[in-house]
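pasting the sequence and the predicted model now:
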Amino acid sequence: MRSITKAASRSLEHPVEPTTPAVRTLAERVFHQLQSAIVRGELAPGSKITEPGLSKTYGISRGPLREAMRRLEAHRLIERVPHVGARVVKLSMKELLELFDVREALESMAARLAAEHMGPKEVQGLRDVLAVHEGQSDLQRGEAYYQREGDLDFHYLIVQGSHNKMLMNLLCDDLYYLVRLYRTQFSASGARPQRAFVEHHRIVDAIEAGDAELAELLMRRHVSASRENVANRYAAMLAHDQPDP
């Protein structure tokens, strides 16, 4: 894309006037288009993005686009770099490991609380989602185990099942899309997707049995395995991207 213009740069730095409902609706749609493109890697980590380029690509005016970009920034998917402009977020290895450390601690807590608070209908909802996942062609082929967002995301439902609003705000809003980015782009291949699927079932079994301690332990081990896998794949990607000496 072209370098960001001065006018576009100023528009990223200052808020615009309150939007109308129609503009907010359009901004919502653009936000979801862009966040999906970022999560799936269609907009590469670290790539520079500009209002003129995005406006041309998505055929929308600057107002809804600015609103969508503010939301992307709030969800940590884009960042503003001095003298550069806006770009898609690209975590360092240290930042990535810190993110998964937080995820391991909070999601294991969520699993423990889910075992204490989820009712039979909610547990059945988890099993229904896993049944949908089982039919996915990517899982059957041993490719990346891609979970759709929100109500078709197993981890999202576990956090919702904790019935803890603070956890829900942190994991289903503040950090959700950033975690999804790395879960999606660096998902395991080979035997790992099937193992992750089996681990999900075991976590549900513990939650259904009301075994909070076991649910917490299983989730901690599950996220730890994901952390190791993502870190290894990310390290390999970084090594590949290094120029030859």
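Right, received. Where do you want to start? Keep in mind the model is a prediction, meaning the values are calculated, not measured. Residues are numbered from 1 along each chain as shown.

report the buried residues of the top helix by length along the chain.
Of all segments of type helix in the chain, defined using DSSP state H, the longest is helix 212-241. Using 16 or more other C-beta atoms under 10 Å as the test for burial, helix 212-241 gives 212, 214-220, 222-223, 226-227, 229-231, 233-234. Yep, even glycine has a C-beta here, placed from its N, CA and C like the rest.

chain center to it: distance?
Relative to the mean C-alpha coordinate of its chain, helix 212-241 is positioned 14 Å out (C-alpha atoms, centre = their mean, to the nearest Å).

that helix packs against which elements?
Using 3 or more C-beta pairs under 8 Å, 6 or more residues apart in numbering; DSSP states H and E, the elements in contact with helix 212-241 are helix 93-117, helix 176-185, helix 192-208.

what about 10 Å?
Applying 3 or more C-beta pairs under 10 Å, 6 or more residues apart in numbering; DSSP states H and E, we find helix 212-241 packed against helix 93-117, helix 154-161, helix 176-185, helix 192-208.

grab the nearest non-local neighbour of the spatially most central residue of the chain.
The geometric centre of the chain, computed from its C-alpha atoms, lies nearest to Arg180 (C-alpha atoms, centre = their mean), at 1.9 Å. Sequence neighbours aside, Val39 is the residue nearest to Arg180 in space, at 5.2 Å (criterion: C-beta to C-beta, 6 or more residues apart in numbering).

my hunch is that Thr57 is in a helix, does that hold up?
Yes - under DSSP: H, G, I helix; E, B strand; the rest coil, Thr57 sits within a helix.

now for it: which residues touch it?
Neighbouring residues of Thr57 by C-beta atoms under 10 Å, 6 or more residues apart in numbering: Met1, Gln33, Leu34, Ala37, Leu43, Ile49.

and if you look at Leu178?
Leu178 is in contact with Ile38, Val39, His75, Arg76, Leu77, Val89, Leu91, Glu95, Leu96, Leu99, Arg103, counting by C-beta under 10 Å, 6+ apart.

now it: how far from Arg112?
Noted for Leu178: a distance of 23 Å to Arg112, by C-beta to C-beta, to the nearest Å.

one more: Ala131?
Note on Ala131: its distance to Arg112, by C-beta to C-beta, is 24 Å.

ok, these two, which is more surrounded?
Arg112 (22 against 9; other C-beta atoms under 10 Å).

now that one, nearest residue through space, not along the chain?
Glu216 (3.8 Å).

what number of residues lie near Pro120?
8.

then the one 3 residues further on?
Residues within reach of Val123, counting by other C-beta under 10 Å, total 19.

can you tell me the closest non-neighbouring residue to it?
Glu208 (4.8 Å).

also Cys172?
Once flanking residues are discounted, Cys172 sits nearest to Val159: 5.5 Å by C-beta to C-beta, 6+ apart.

quick one: the one you found from Ala235, how far?
Going from Val159 to Ala235 by C-beta to C-beta gives 28 Å.

circling back: surely the residue nearest to Arg112 and Ile158 touch.
No - with contact defined as C-beta atoms under 10 Å, Glu216 does not reach Ile158; the gap is 11.1 Å.

distance of the residue nearest to Cys172 from Pro193?
In this view, Val159 and Pro193 are 21 Å apart by C-beta to C-beta.

same deal with Lys94?
27 Å.
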